[in-house]
Every structure is written in structure tokens, then in C-alpha cells.
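[1] Just need the structure, nothing else, for what follows:
(one chain, ligands or ions: 1)
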Amino acid sequence: MPQVGIIMGSTSDWPTMKAAAEVLDELEVSHEARVVSAHRTPDRLWSYPSEAAARGIRVIVAGAGGAAHLPGMVASKTMLPVVGVPVQTKALGGVDSLHSIVQMPRGYPVATMAIGGAANAGLMAAQILALADERLAERLAAWRAALTASIPETPA
Ligand code: RP5
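    Next comes the predicted model:
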């Protein structure tokens, strides 16, 4: 059973969103990826968050671009934490996506990452799960230690 659901508004979001899947693979966190469009698949928009918790999903990572209603709408249909990823757009550079996702009204928060920040969304999902999973917490600590070790002391 996947613990993290990675959803996106379009297949065109996958090149961005797959960074979340990759980091979850590195951390050995089970996940699934689905296309759930707030506009083009409204029935899926309702059913996915309604059924996610009962299927064992614990965190939803939701990415969308432009009129990016998806993460907020999903947050309105589930008590699971929703991590939002604003996908970069051609017309407005992703600021449109960012504003659509981050400006949630009181009561329905979406933990919003940077524009294109799908890797951090995967890490955030893993950190949430690690609160109740000691072995995952150890893998996360090792992941961070490896990142630190990869940073040179000098620029040359
Ligand atoms: C949004 O519209 C999607 O999240 C995507 O970022 C954007 C463009 O979708 P496509 O026209 O590429 O399918 O719903």
C-alpha cells in the first residue's frame, strides 16, 4: 500500500513531479503517482482525496500549474496533510501557480513548496511519516548527512 500519493493536474506536470517520486524512492517510502485534474477530471478530483486515507495514504503531494486549484480542492476533501507544488508556467513563470496554491483561506492549509519544488515536497512527506517511523527517520538523517558530505569546502 502506498503511503504517499503524488498527484498532478496533467501529464505535462510529471517532468516536475517525478522529483518527488525519486526522492521517495531514495528513502524507500512507498508511493503512487496519479493524474487528477481539478478541471478536466472533476470526478477524480472528488474520489481521490475521499478514498485516500482509507487506502493507507498518509500524505498527499499535489502539483499543478497556472490556475492551480488542485492542492486546495484536495485539502478541502481530506484531513491528510497536503503538500503543494507550484509547477512552472510559460506565461507567468509559475508565480500564478504559487499564488493559487499558497493563498488558502483559514481552515484548509496546503504546505506550499517553492516553484518547481517537488523534491522538497517528497522530503516533507517523508519527514511527516518519519515522526512515526524510526527507521525512516534514520534513513532521512543519513540522506542529509550524505548531502552535507557532498558540499565542498572550497569553490574550485
Ligand atoms: C494544469 O494546467 C496542470 O497542472 C498543468 O500544469 C497545466 C497545463 O496542463 P496541460 O495543458 O499541459 O495539460 O491543470
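[2] Can you say which helix or strand has the residue most central in space within the chain in it?
    Taking Cα atoms, centre = their mean, the centroid of the chain lies closest to Val61, which sits 2.4 Å from it. Element membership of Val61 [criterion: DSSP states H and E] is strand 59-65.
[3] Grab the nearest non-local neighbour of Val82.
    Sequence neighbours aside, Ala75 is the residue nearest to Val82 in space, at 4.4 Å (criterion: Cβ to Cβ, 6 or more residues apart in numbering). For glycine as for every other residue, the C-beta is placed from the backbone atoms N, C-alpha and C.
[4] does that neighbour sit in a helix, a strand or a coil?
    What DSSP: H, G, I helix; E, B strand; the rest coil gives for Ala75 is helix.
[5] ok so, going back, using CSV, list the CA coordinates for the strand holding Val61.
    Only the C-alpha atoms of strand 59-65 are listed here, as CSV (Å, rounded to 0.1, in the frame of the first residue of the first chain):
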residue,chain,number,x,y,z
VAL,A,59,0.4,12.3,2.9
ILE,A,60,-0.7,13.8,-0.5
VAL,A,61,1.8,15.7,-2.6
ALA,A,62,-0.2,17.7,-5.2
GLY,A,63,1.3,19.7,-8.1
ALA,A,64,-0.4,21.9,-10.6
GLY,A,65,0.3,24.8,-12.8
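[6] For it, which helices and strands make contact with it?
    Judged by 3 or more Cβ pairs under 8 Å, 6 or more residues apart in numbering; DSSP states H and E, strand 59-65 is in contact with strand 4-8, helix 14-26, helix 70-77, strand 82-87, helix 95-102, helix 118-130.
[7] quick one, the fifth one and strand 82-87 angle?
    Right, the one you point to is helix 95-102. 170 degrees (axes from the mean of the first three to the mean of the last three Cα atoms, to 10 degrees).
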